[in-house]
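Chemist: A predicted structure for the sequence below; I have some questions about it.
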Amino acid sequence: MKKKFNVTGLCLPKKHYMVKLDDRLAQIKELVDDGNYFTINRARQYGKTTTLKALKEYLQNEYIVVGLDFQRLGNASFENENIFALTFASYFLDVIKRMEGAFKEAMKATLDELQAYAQEKDKSFSLYKLFVHMNEICSVSDKPIVLMIDEVDSATNNQVFLDFLAQLRGFYLDRTEVSTFQSVILAGVYDVKNLKRKIQSEDDHKMNSPWNIATDFEVDMSFSQSDIARMLEEYEHDYHTGMDINQMSSLIYEDTSGYPFLVSWFCKLIDEKVLKNKSAAWTREGFLEAERMILSDKNTLFDSLINKIMDYPELNSMIHSMLFTGKSIVYNPDNAAIDIAIMFGFVKKEGGIVVLANRIFETRLYNWYLSTSDVQSMEIYKASLKDKNQFIIGGHLDMRLILEKFAVHFNDLYSDSNATFLEDDGRKYFLLYLRPIINGIGNYYVESRTRDLRRTDVIVDYKGEQFIIEMKIWHGEEYKRRGEEQLIGYLDDYHKKTGYLISFNFNKNKQIGVQDIVVGDKKIIEVVV
């Protein structure tokens, strides 16, 4: 039976096409070998559970790995210290009993005693007693014990969880005098060292996590283009589609920046949904169709993205500014909005600047902002709805006509507006005009390599045809000339002969309209608004 691409739950090497995790597992093992306690905190659907499962097998020759999942514990398990301690003991015992090995005989007396507490639901059983027994088990084990806990975000009663962490911390600090876990690995979205983001309490002692003993987890869990290529090589060995592996891995990486779930989702759609003919599906055209499917789908990852933006006004303001004004956000770890956005995987740090995590998130956010009721009530959007049917000629998008019509509407509607206001929103207006025209058939994205306060390149894909559109603020003839040269270079990168330029000019004596500029073998169609 051939493997499948998987986007739900745990990925299994024997059943699913997967990126090879060996290098990552070796890096994590170094942390375990050094006796570190740490948290694998990554965004949702970032491969945390799959990594833990693979790590457990990777470590099993040298360690006893006890893997727990707090998501299996109900809310009642965190009601108070006694209930949590008994529940944890029972869960720990169940996992140990399923393991093979003579080590359980050495632990028998302690395990039996722990079992008695759990069965009798002893009300005197505390976290401290639990950890005394944990340490006794560690002392008689024939191998060092590694404790792994997945879904720690499910610890709904945070004070009980903090008390649990405090016990881990206490015995970690005393590890030269008492036997304890070789390593403790927690996994979740929230950085356990920053539980103040999740705890809502007026008590100061609850706002500081005792997990300050944890080592920073710096292993890169995203997929590189070469990771994706190796996975596609395995797929190609099975199906012989004739795909250009380098091209396909590059396209997928450019859209996802290696976000594990998005990579697998692209592959699964191309494999199963785009076309029945796999040879035709694994092409650039097939990729673009999968991209369209992803951007139009509703799922928990995108729901989380939008919900968090709605829940955190500072985050909303920051991302809106990044998208529509091109303003650079300097990374500051003390900025709450930045901290939240990085923790949830919406943005990343790149060269000291905060950028959107990947092109799919960026485009999805553009679409969301441009689909809100207040934005769609704007006159430029209404004008697009009236115009949109005239831009498709012979199945092709007439971009020149789009620019001409946009210039007319923009000047009719906004020529008397404040220039500063328009500098911030001019790009939004064009995307708002463009989206209804290509919606459902074409896609667009903003090229991050060229976006800044004065210049933005938008790439439009419509039925496999690409349009390179530069938007810039007018700052004189010299700046215009440099912009044209930059666009020419960009057209070379994309092997295009024609590019499009929107100049937002706020001078009162400007000459509005469309003109053709020929530079060598390239043509720039410029519209001044």
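Modeler: Here it is on my side, so go on. Numbers count the residues shown, from 1 in each chain.
Chemist: would you mind giving the secondary structure of residue 7?
Modeler: coil (DSSP: H, G, I helix; E, B strand; the rest coil).
Chemist: in stretch 109-116, what's buried?
Modeler: Buried residues in stretch 109-116, counting neighbours by 16 or more other Cβ atoms under 10 Å, are found at 110, 111, 114. All C-beta spots, glycine's among them, are computed from the backbone N, C-alpha and C.
Chemist: just checking, which of those belong to strands?
Modeler: When these are checked against strands (DSSP state E), there are no matches.
Chemist: what sits up against the longest helix along the chain?
Modeler: Identified as the longest helix of the chain according to DSSP state H is helix 419-438. Helix 419-438 has contacts (Cβ atoms under 8 Å, 6 or more residues apart in numbering) with 324-326, 366-367, 369-370, 375, 378, 380-381, 383-385, 387-388, 391, 397, 402, 406, 409-410, 414, 444, 456, 458, 460, 462, 471, 473, 502, 504, 506, 529.
Chemist: what distance separates the start and the end of stretch 345-360?
Modeler: For stretch 345-360, the first-to-last residue distance is 12 Å (Cα to Cα, to the nearest Å).
Chemist: quick one: average pLDDT of the next helix or strand after the longest helix of the chain?
Modeler: Using DSSP states H and E, the helix or strand that follows helix 419-438 in sequence is strand 442-447. For strand 442-447, the mean per-residue pLDDT is 82.
Chemist: same question for stretch 180-193.
Modeler: 86.
Chemist: is it true that residue 19 touches residue 232?
Modeler: No - contact criterion Cβ atoms under 8 Å: residue 19 and residue 232 do not qualify, at 10.2 Å.
Chemist: between the two, which contacts overlap?
Modeler: With the criterion set as Cβ under 8 Å, 6+ apart, the contacts of residue 19 and residue 232 do not overlap.
Chemist: mind giving me the PyMOL select for the contacts of helix 419-438, buried ones only?
Modeler: Per 16+ other Cβ under 10 Å, the buried members of those correspond to this PyMOL selection:
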select buried, resi 324+325+326+366+367+369+370+378+380+381+383+384+387+388+391+397+402+406+409+410+414+444+456+458+460+462+471+473+502+504+506+529
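Chemist: now, the contacts of helix 419-438 that are in strands?
Modeler: 397, 444, 456, 458, 460, 462, 471, 473, 502, 504.
Chemist: let me know the closest of the residues you listed to residue 8.
Modeler: In terms of Cβ to Cβ, no member of the ones in strands among the contacts of helix 419-438 lies closer to residue 8 than residue 444, at 29.2 Å.
Chemist: contacting residues for the residue nearest to the closest one when sequence neighbours are not counted?
Modeler: In space, and not counting its chain neighbours, residue 444 is closest to residue 460: 4.7 Å by Cβ to Cβ, 6 or more residues apart in numbering. For residue 460, the contact set (Cβ under 8 Å, 6+ apart) comprises 397, 399, 434, 438, 442, 443, 444, 466, 467, 469.
Chemist: does the second one really touch residue 468, like I thought?
Modeler: Translated: residue 399. No - taking contacts as Cβ under 8 Å, residue 399 lies outside contact range of residue 468: 9.7 Å.
Chemist: overlap in contacts of these two?
Modeler: residue 500.
Chemist: mind listing the strands for the stretch 251-400 of the chain?
Modeler: 329-330, 347-350, 353-356, 392-393, 396-397 (DSSP state E, counting those that start in this stretch).
Chemist: quick one on the thing from earlier: closest to residue 39 out of the contacts of residue 460?
Modeler: Closest to residue 39, out of all of those and judged by Cβ to Cβ, is residue 443, at 36.2 Å.
Chemist: phi, psi of residue 511?
Modeler: When read as degrees, to the nearest 10, the backbone of residue 511 gives phi -100, psi 100.
Chemist: next one: it from residue 414, what distance?
Modeler: Residue 511 sits 17 Å away from residue 414, going by Cβ to Cβ, to the nearest Å.
Chemist: so who does the nearest residue to residue 409 once chain neighbours are set aside touch?
Modeler: Nearest-residue entry for residue 409: residue 383, 4.5 Å, with adjacent residues in sequence omitted and distances by Cβ to Cβ, 6+ apart. Shown here is residue 383, whose contacts under the criterion Cβ under 8 Å, 6+ apart are 405, 409, 413, 433.
Chemist: list the residues that contact the second one.
Modeler: It refers to residue 409. Taking Cβ under 8 Å, 6+ apart, one finds 379, 380, 383, 433 in contact with residue 409.
Chemist: what about the last one, distance to residue 189?
Modeler: In this structure, residue 433 and residue 189 are separated by 37 Å, where distance is defined by Cβ to Cβ.
Chemist: ok so, going back, which one of the contacts of residue 460 is nearest residue 175?
Modeler: The closest of the contacts of residue 460, once distances to residue 175 are taken by Cβ to Cβ, is residue 443, at 53.9 Å.
Chemist: ends of stretch 153-161, how far apart?
Modeler: 10 Å.
Chemist: state the mean pLDDT of it.
Modeler: pLDDT averaged over stretch 153-161 gives 75.
Chemist: surely residue 247 touches residue 284?
Modeler: Yes - if you go by Cβ under 8 Å, residue 247 and residue 284 touch, sitting 6.8 Å apart.
Chemist: pull the contacting residues for residue 28.
Modeler: Contacts of residue 28 (Cβ under 8 Å, 6+ apart): 51, 55, 185, 219.
Chemist: that older thread, I'd like the buried residues of stretch 109-116 as a markdown table, with pLDDT and distance to residue 90 appended.
Modeler: What follows is these, written out as a markdown table (pLDDT from 0 to 100; distance: Cβ to Cβ, whole Å):
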| residue | pLDDT | distance to residue 90 |
| --- | --- | --- |
| 110 | 90 | 15 |
| 111 | 90 | 12 |
| 114 | 91 | 9 |
